[in-house]
Structures are given as C-alpha cells and as structure tokens.
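Visitor: With the sequence up front, the predicted model follows.
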Amino acid sequence: MPSIATETTARPETADSSGITIRNPRTGEVLWTVPEAEPKAVSHALEVARSAAANWASTAPAVRGAAVRAAARALAAAAQELAELNAGETGRPVEESLAGIGAGVSTLEQYAELWPVHRGHSLRGNRFASDYTVAEPRGVAVVLTPWNDPVAVACGLIGAALATGNTVVHKPSERCPRLGEALGEVLAPAFPAGVFQTVSGGAGVGALLAQSEVDVIAHVGSSAAGARIARAGAVTGAHVIRENGGNDPLLVDRDVDPVWAAGQAAIGAFSNSGQICVAVERIYVHEDIANEFCKALEAEAALRNTKGSVAPLVDLRMRAEVHAQVGDALQQGARAVEGGTLPEGPGSFYPATVLLDCTDGMQVMTEETFGPVAPVQVVKSFDDGLRLACSGRYGLAATVLSANIAHIQRAVAALPVGTVKINAVFGGAPGGAAQPRGESGAGFGYGPELLDEFSRVKVVHIEAPPVAPADAEEADSAPENSDVEQRDES
C-alpha cells in the first residue's frame, strides 16, 4: 500500500487556506492543513450510514466478526506509519504511539471474538412457553474520539459498534485529523460500503453530528463537550456513552515505602506528559512519610526533566491552560520544587512539575490538569485524605497506596468513582470496564459491557395458540398419557 505518511490529503498552510492547521508540537512548524467536512458532507455521511444499516445489522455475527478481525490485521500492518503520524501531530513518542496502536489491534480482535458468541438470556415463565432476550444493534453510531490515545480509544468504540451491527461515522479529534483520516483509510476497506466512514472537523462538525438523528453517540473527551453531547442526546433520543475528564486522586497511606509511592505518583502524573484521562491529578500523602515522599517525587521529576524524557504537550493552547493552573497554585501559596516554568525554545514542551503546600481551593486540586503536574497536599490521617479524595465533581478513577486492609476496604466502599486501583496507578485485567460518575461521564466505555451499550435488548415470549376444535377432538381420542408423563404432571 502507498505510504500513509506521504499520501495525504493535507496541504501546506497558505494565506487563504481554510481547515485545521496542525503544527508539530516539538518544533512549532506547520505540518499541514486538513479541510473540515462541510455540513452537506456530514449529512451525506449520515445518510449513507443509515442506508447501509439494515444490511449490516442482518449480516451474520460471525461474518461481522471476521470483518473486524480483518480490520485489526490491516491496522497491525500500518502501525509504523500511523505511529509516525501520531508522533508528528500530537508529540507522543513513536514507541508509545506504537504501544497505543497495538492496544487498538488487540481491542478489535477482542470484539471480533466476543460478539459472535454473545448470548441472550432465558427467562423463567410458563413451562409450556419460551421467554428469552435477543440483542440487536441500535442503528447509526456517531463516534467522537480524543487525541491523547487516538488509535486505541477509537478502535475500542469503533470495534464494539461495528461488531454489534451498527454503522459508524467517526470524527477524530481536530488535534490529530490526518491520523484520524489515515486510520479510516486503513480500517474502512474491511467493511461494506457505508458501514464505516470518517469525517474531519472541529467542534462545529462534532456538534452537527451530535445534534443529528442518530441512534447512539459515543464520546471520549472533555467534560464540557460531554455535557453538551448529553444534552443533544436528550433532545434527539440518542443513547449517549461518555468517558470524560477526571481529577483523579492518589491517596498515600503512612505504612508504605515513600520512595516506591513517589515512583507510583510520578508514573501516574507524568506518563504521556500527564495527558491521560486517568492520570494522577492530586496527591494526598500522610504526614508521617510526607518529607521522604516529597523528596523522592521531586527527584523523579528532576530526572525526567534532566533526561528530556517528557514529551511536549499537544499544542501551545494546552500548555497555556496547564501553566495557568500552575500559576494559580503558586499565587495561592504553593511551591514549585521542580518545574513550573515555561521552557525556552520552540514547541509546546512543559516540564515535569511538583507542587508542594497545595490546598483545597487551588485549581490543580479541583480541575482536570492535562499536563505533567503533581500537586501534593499533606494530610494528618488516612481518614482526612480519604475525605478529600472523595470530594469534587468528577468520578473517573482513584488510586490508594496502603498495606492496611481495613483502610483499603473503607476506601473502596467510599470513593465515588468508576475505578479504584489499589497499590498500582495503572494496570488491570484485560476486558475490564467501569462506569464513570459525576462529570466524568456515564455508561461503560470498555470491556464486554461496551457491546451492551451499542445494542438494545428485545424480549421474546412464545407460546402455542389455542387448540382448534378438530384438534381437540383428536386429542380426546388419543391414548392416555404414559405413566412417565403422568408422573411428570404430578
């Protein structure tokens, strides 16, 4: 196949250009400008998806699964080129981009296998009747995906939607439009015409899709956008699945190794430059180990900054938002013991930053901070830390580092989040799923349960019709039931 990285519909920026202009986050240089889909093109894509929906829904699940599996193979073959596009548009290192694409391949394969063996439920009713459930696709699905792990997240939603028999119109983030188009070019040939389409655009295109007459909208992105999508779905009647922003706490108990705990905090706060929905956003550490923990966390950040291993943020706008939150904390009395300043030179780099003496009212403790910032608040007891960790309007995930089983069980019961992680900031078994809470969204976003989000259940009840008079006469003249049948009736 031709090189995706060079065979691109993007064009150099010109004075009269229109569309989405992308700059390299490392150098600030213009990469290309990708045209936005016009409203007529968006409407046409939805019409095509609607026209293809009935045939795709009636396709045998095993055949749909085979198509999704073929898409996974195509994605694996194009991984290097897609990873280079990912690195160019978002700044994520190629190696990490490859890992995300590998996760996307695995997710497609997972849904290709799971849906064909999906079972309905039998219901207990009349002995001489049959009651059971049948899962059916919802219809046309709009999938709106982010830039921070663009292939893995997109493949999860797209794979589940297609395997269950929905047609899909996908709008990738405007921060990685060429990658999104290239992903579409790779996946679409595995499916019949109209079953999977990609449209490029910004918030306007996303709003047009969300406000259209579709059957399901799946969105991963900011809480503000997710709230608008939820309102649009309430008007149109579309089923809405949202995984949105988070302000995930890390609670560090007094009985853990502070150096190990600092390493966990650094992984959670600085991985992917902090641009992960379930990144560690606020840290509550017990005062008994606070000094050692903070020194070790400062060293972790300094090592990353010295080695230059922190990738740039996706663009200057994101960097400005992160730095504004850091500035708010400093104005309110926090101390930046590492990082916290804008680096010189091109690109949208931001250093790994450790903020000490943080308090409840600071934005870094109450808002999502999509950057490599680790704000620390010292607490007097585990209960104080748990109370603070339970606060806030988000409900995505939380992590607890503790060797005290009573503290762990209490935290699991109390934390109002979709995912609780104990003694590991990242990880989990394959197929895990969770339901975000509060402003972090609603509905299952991953795992086998995502298949249920993209389908709806029909209950079937079957029983025999009344016996016709002629049949009744035949029944009266028939031999009596055998002893075995009589025993059954008794």
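Guide: On my side now, so go ahead.

Visitor: could you measure residue 207 against residue 399, distance?
Guide: According to Cβ to Cβ, to the nearest Å, residue 207 stands 34 Å off from residue 399. (Each C-beta comes from the backbone N, C-alpha and C, glycine too.)

Visitor: out of those two, which sits in the busier spot?
Guide: Shown here are residue 207 and residue 399; by other Cβ atoms under 10 Å, residue 399 has more neighbours (27 against 15).

Visitor: Mind telling me what element that one is part of?
Guide: If you go by DSSP states H and E, residue 399 is part of strand 397-401.

Visitor: and for the helix or strand just after that strand, what are the contacting residues?
Guide: Going down the chain from strand 397-401, the next helix or strand is helix 405-414, by DSSP H and E. With Cβ atoms under 8 Å, 6 or more residues apart in numbering as the test, helix 405-414 has contacts from 251, 253, 382, 386, 389, 390, 398, 400, 402, 420, 422.

Visitor: Okay, helices next: where are they in the stretch 251-400 of the chain?
Guide: Remark: helices assigned in the stretch 251-400 of the chain by DSSP state H, counting those that start in this stretch are 258-270, 290-307, 316-331, 363-366, 382-389.

Visitor: Poorly predicted segments of this protein, please.
Guide: Scanning the chain for pLDDT under 70 picks out the ranges 1-17, 471-490.

Visitor: and with 90 instead?
Guide: 1-18, 119-120, 124-127, 427-434, 445-447, 464, 466-490 (pLDDT under 90).

Visitor: Dump the helices of the stretch 251-400 of the chain to a markdown table, plus distance to residue 150 and mean neighbour count.
Guide: Output for the helices of the stretch 251-400 of the chain, formatted as a markdown table (distance: least, Cβ to Cβ, whole Å; neighbours: other Cβ atoms under 10 Å):
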| stretch | distance to residue 150 | mean neighbour count |
| --- | --- | --- |
| helix 258-270 | 20 | 22 |
| helix 290-307 | 23 | 18 |
| helix 316-331 | 15 | 17 |
| helix 363-366 | 26 | 22 |
| helix 382-389 | 30 | 19 |
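
Visitor: of all the ones you listed, which lies closest to residue 20?
Guide: Residue 20 sits nearest to helix 316-331 of all the helices of the stretch 251-400 of the chain, at 13.2 Å, using Cβ to Cβ.

Visitor: Distance from the chain centre to the closest one, please.
Guide: Offset of helix 316-331 from its chain centre (Cα atoms, centre = their mean, to the nearest Å): 25 Å.

Visitor: ditto for stretch 297-307
Guide: Remark: stretch 297-307 is offset 29 Å from the chain centroid, using Cα atoms, centre = their mean.

Visitor: ok, now stretch 120-138?
Guide: 32 Å.

Visitor: now the end-to-end length of that stretch.
Guide: Stretch 120-138 stretches 16 Å from its first residue to its last (Cα to Cα, to the nearest Å).

Visitor: residues of it that come out buried?
Guide: 135, 137, 138 (16 or more other Cβ atoms under 10 Å).

Visitor: hey, where'd the helices end up in the stretch 101-250 of the chain?
Guide: 150-163, 177-187, 203-210, 223-236.

Visitor: Dump those helices to TSV, plus distance to residue 447.
Guide: TSV is the format used below for the helices of the stretch 101-250 of the chain (distance: least, Cβ to Cβ, whole Å):
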stretch	distance to residue 447
helix 150-163	9
helix 177-187	21
helix 203-210	24
helix 223-236	19
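
Visitor: just those helices: most buried one?
Guide: helix 150-163 (a mean of 28; mean count of other Cβ atoms under 10 Å).

Visitor: From the contact counts, what lies against it?
Guide: On a contact count with 3 or more Cβ pairs under 8 Å, 6 or more residues apart in numbering; DSSP states H and E, helix 150-163 meets helix 61-77, helix 79-90, helix 94-114, strand 140-144, strand 167-171, helix 177-187, strand 216-220, helix 449-453.

Visitor: go with 7 Å
Guide: Other helices and strands packing on helix 150-163, by 3 or more Cβ pairs under 7 Å, 6 or more residues apart in numbering; DSSP states H and E, are helix 61-77, helix 79-90, helix 94-114, strand 140-144, strand 167-171, helix 177-187, helix 449-453.

Visitor: mind checking how far the second one is from the chain centre?
Guide: To tie it back to what came earlier, the one meant is helix 79-90. That offset, for helix 79-90, works out to 19 Å (Cα atoms, centre = their mean).

Visitor: Ok, the longest one next?
Guide: For helix 94-114, the distance between its averaged C-alpha position and the chain's averaged C-alpha position is 13 Å (Cα atoms, centre = their mean).

Visitor: Am I right that residue 118 is in contact with residue 137?
Guide: No. The pair residue 118 / residue 137 is not scored as a contact, 11.7 Å apart, by Cβ atoms under 7 Å.

Visitor: Relative to residue 61, which of the helices of the stretch 251-400 of the chain is closest?
Guide: Set against residue 61 and scored by Cβ to Cβ, the helices of the stretch 251-400 of the chain come closest in helix 258-270, at 38.6 Å.

Visitor: now that closest one: how far from the chain's centre is it?
Guide: 23 Å.

Visitor: before we move on, what about stretch 366-380?
Guide: 22 Å.

Visitor: Could I get the CA-only coordinates of that stretch as CSV?
Guide: Presented in CSV, the C-alpha positions along stretch 366-380 are these (Å, rounded to 0.1, in the frame of the first residue of the first chain):
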residue,chain,number,x,y,z
THR,A,366,-10.2,20.8,41.8
GLU,A,367,-9.9,20.8,38.0
GLU,A,368,-8.5,18.4,35.4
THR,A,369,-4.9,19.4,34.7
PHE,A,370,-3.9,17.8,31.4
GLY,A,371,-0.2,18.1,31.8
PRO,A,372,2.8,16.7,33.8
VAL,A,373,1.9,18.3,37.2
ALA,A,374,1.9,16.5,40.5
PRO,A,375,0.3,18.7,43.2
VAL,A,376,0.8,17.4,46.8
GLN,A,377,-1.3,18.1,49.9
VAL,A,378,-0.1,16.7,53.3
VAL,A,379,-2.8,15.2,55.5
LYS,A,380,-2.8,14.3,59.2
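
Visitor: Flag every buried residue along that stretch.
Guide: Buried positions in stretch 366-380, judged by neighbour count with 16+ other Cβ under 10 Å: 366-379.

Visitor: could you dump these to CSV with distance to residue 33?
Guide: Conversion of those to CSV gives the following (distance: Cβ to Cβ, whole Å):
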residue, distance to residue 33
366, 37
367, 31
368, 29
369, 30
370, 24
371, 26
372, 29
373, 31
374, 36
375, 37
376, 42
377, 44
378, 48
379, 49
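
Visitor: Just the closest of those to residue 301, please.
Guide: Closest to residue 301, out of all of these and judged by Cβ to Cβ, is residue 374, at 6.9 Å.

Visitor: Hmm, that closest one is touching residue 351, no?
Guide: No. Counting by Cβ under 7 Å, residue 374 stays clear of residue 351, with 11.4 Å between them.

Visitor: thinking again about what came up before, show me what the strand holding residue 399 pairs with in its sheet, parallel or antiparallel.
Guide: Paired neighbours of strand 397-401 in the sheet (DSSP bridges): strand 249-252 (parallel), strand 419-422 (parallel).
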